[in-house]
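Chemist: Sequence plus predicted model, see below.
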Amino acid sequence: MSEIQNFIKEALLFNSIVDRTAERVRFGSYSERNPLLGKMATCKFCRTRERNHKCTAVIRKGTEVVGVAPHPKRQNPRLTRKRPPLFLVHQLLVEIERDEHPELENVPQAHMARYIEKKVNDWRREERHAKRDQQKLSRRINRGLV
Ligand SMILES: [Zn+2]
């Protein structure tokens with residue numbers, strides 16, 4: 001009797017495993033649908049997220065890691081998530097309310113955030129360049145070149 005019960009128990013367990021696997025293959029996430037791909041990993045040297053990543057940022061001597069190439073920086077850094085330039089964004093939103101930016105009139109709502117980010121970054125770049133140019137001029141004046 002207990003043998004039959006055990007058999008039924010195991011059959012049910014096996015069935016549930018098969019069902020679960022079938023469900024994962026059909027409705028699961030990308031990695032669940034493709035279990036042979038292996039685990040996603042973040043490279044500790046170049047911060048790339050990839051399966052089977054072969055790092056090109058590491059300088060090796062044999063099997064020993066000798067050095068790491070510096071991580072390339074974005075040319076136009078994204079606005080920070082922790083300290084967003086809220087004042088600039090607020091100012092831009094007020095200006096949009098006052099219809100001072102007719103070029104943003106036809107931008108779809110889904111793309112608005114990206115446009116605002118671009119505007120704010122452009123403002124910052126202008127500020128940076130004005131400061132730089134003033135510094136250059138001041139140095140030239142101080143050296144008696146102008
Ligand atoms: Zn890497």
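Modeler: Okay, I see it. Numbering: from 1, shown residues only.
Chemist: Please identify the buried residues of the longest helix seen in the chain?
Modeler: Criterion DSSP state H: the longest helix present in the chain is helix 112-142. By neighbour count on 16 or more other Cβ atoms under 10 Å, the buried set for helix 112-142 is Tyr115, Ile116, Glu117, Lys119, Val120, Asn121. From N, CA and C alone the C-beta is placed, and that goes for glycine too.
Chemist: by contact count, what packs against it?
Modeler: helix 86-97 (3 or more Cβ pairs under 8 Å, 6 or more residues apart in numbering; DSSP states H and E).
Chemist: mind listing what's buried in the helix it packs on?
Modeler: Leu88, Val89, Leu92, Ile96.
Chemist: circling back: could you give the separation of the longest helix of the chain from the chain centroid?
Modeler: How far helix 112-142 lies from its chain's middle: 25 Å, per Cα atoms, centre = their mean, to the nearest Å.
Chemist: For Arg26, see how far away Asp19 is.
Modeler: 11 Å (Cβ to Cβ, to the nearest Å).
Chemist: My error: substitute Ser2 in the last question.
Modeler: With Cβ to Cβ as the criterion, Ser2 and Arg26 are 36 Å apart.
Chemist: So if I had to pick from the two, which one is more boxed in?
Modeler: When neighbours are counted by other Cβ atoms under 10 Å, Ser2 and Arg26 differ, and Arg26 comes out ahead with 9 against 6.
Chemist: Not counting sequence-adjacent ones, nearest residue to that one?
Modeler: Leaving aside its sequence neighbours, Arg26 sits nearest to Arg33 (Cβ to Cβ, 6 or more residues apart in numbering; 7.8 Å).
Chemist: The one you found and the ion: what is the separation?
Modeler: 26 Å (Cβ to the ion, to the nearest Å).
Chemist: Need the per-residue pLDDT for that residue.
Modeler: Arg33 carries a pLDDT value of 87.
Chemist: need the contact list for it.
Modeler: Taking Cβ atoms under 8 Å, 6 or more residues apart in numbering, we find Arg33 in contact with Arg24, Val25, Arg26.
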